[in-house]
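Asks: show me the folded form of this:
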Amino acid sequence: MPPLTALIADDEEAPRAQLRLALQQAWPGLQIVAEAVNGVDAWDAFLEHEPAVCFLDIRMPGLSGIDVARRIDGRAPVVFATAYGDHALAAFDAGAVDYLMKPVDPERLAQTVVRLRQRLQAGATPAHGAAPPDPAALHQLLAQLAGQTRRAPPLQVLQASVGREVRLIRTDEVVYFESDSRYTRVVFDGPHGAGDALIRTPLKELLAQLDEQLFWQVHRSVIVNQRHIASAVRVDEGHMHLTLRGRPETLPVSRHFQALFKGQ
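Replies: Numbering: from 1, shown residues only. Predicted coordinates for the structure are as follows:
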C-alpha cells in the first residue's frame, strides 16, 4: 500500500520547517511530497503530486491558502495554518475543514491527525470512520473566508510579443492561454484582429492574476475563456476535450477539471 502523501505551503521558512518536524513525530507514516512558498506553487504542486492531505497557510503571495483550497474543491482534506485569530474559527470548529494556529501545538496537531485519518478512512470505506465534510458546508465556509482576504483586481491588459511588435491585448479578448516551453502562448480574437502571441509570465502565475469567473483552468497547461467554450466532449472514461466557438482546435481537459462540465 503506497504511503499517504502531504503538501505543505507557507511563505515563511520557520513555520514550514516547524510543521514538517511536528508532522514527522505526530504522523510518521505521512510522506511530505512537496513544499511551497506561495499559493501559486502550492496549486501547481497539488496538480503534480495529488497529495492526500494539504496543509496551507492562509496568507500567502499570489494565491492565498483559501484560493488554493477552493481550487482543490474537496479532492483532498485541507488544514489551514494561521497566526491570526479572526478567520471564522467557529466555522472551522464545525468540521468543514481543520485549522492550526502557528506555532503549531503538538497536542492540537495530534487531534488534527486523528481527524484526518478518520476522514481519509471514511473516503475509502464509507461504512467506517467519520463522515467527510458536507460539500455545501465546505463551499460556504471557503466563500466566507475568501471574502476576508484581499486580492488585487483582475488583470485587464497583457503586453505580448508579436514578431518585433509589443501588442497590448485586453484579457477579455483572449480565447485561451497555453504553456509553450518557457513562455505562455496567448490566443486572442477581438475587434481589432485575431492571432496569437507569447508572454513571459508562466501560466501558473498568470492564473493568480485573472478573473476566475471568466477564465477556467482545464488542464495544467491550459486556461480558457469560458465565453469561447462551445462544448465539452467526453472521449472515454478518462479523457475529455473542449470545442471552441468558431475555431477548429480542441483543448484537453485533465481529470482534475472534468467536474467543471457535469451537465444539468
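Asks: in terms of secondary structure, what does the helix or strand hosting Tyr99 contact?
Replies: Per DSSP states H and E, Tyr99 falls inside strand 98-101. Here strand 98-101 touches strand 78-82, helix 89-93, helix 106-124, going by 3 or more Cβ pairs under 8 Å, 6 or more residues apart in numbering; DSSP states H and E. Quick note: C-beta positions are derived from backbone N, CA and C, even for glycine.
Asks: packing partners of the last one?
Replies: Pointing back at helix 106-124 there. Partner elements for helix 106-124 (3+ Cβ pairs under 8 Å, 6+ apart): helix 13-26, strand 98-101.
Asks: and stretch 162-172, which residues are buried?
Replies: Residues 167, 169, 171 are the ones in stretch 162-172 that count as buried (16 or more other Cβ atoms under 10 Å).
Asks: ok, those residues vs Asn38, which is closest?
Replies: Lowest distance from Asn38 to those (Cβ to Cβ) belongs to Thr171, with 21.7 Å.
Asks: now for the closest one: which residues touch it?
Replies: 154-158, 210-211, 214-215 (Cβ atoms under 8 Å, 6 or more residues apart in numbering).
Asks: Val235: neighbouring residues, count only.
Replies: Residues near Val235, counting by other Cβ atoms under 10 Å, number 11.
Asks: right, and it touches His241 too?
Replies: Yes - Val235 is within contact range of His241, at 6.5 Å (criterion: Cβ atoms under 8 Å).
Asks: which residues touch the closest residue to Trp27 other than its chain neighbours?
Replies: Spatially, and ignoring its direct neighbours in sequence, Trp27 is nearest to Val113 (4.9 Å; Cβ to Cβ, 6 or more residues apart in numbering). Val113 is in contact with 23, 26-27, counting by Cβ under 8 Å, 6+ apart.
Asks: perfect, that will be all.
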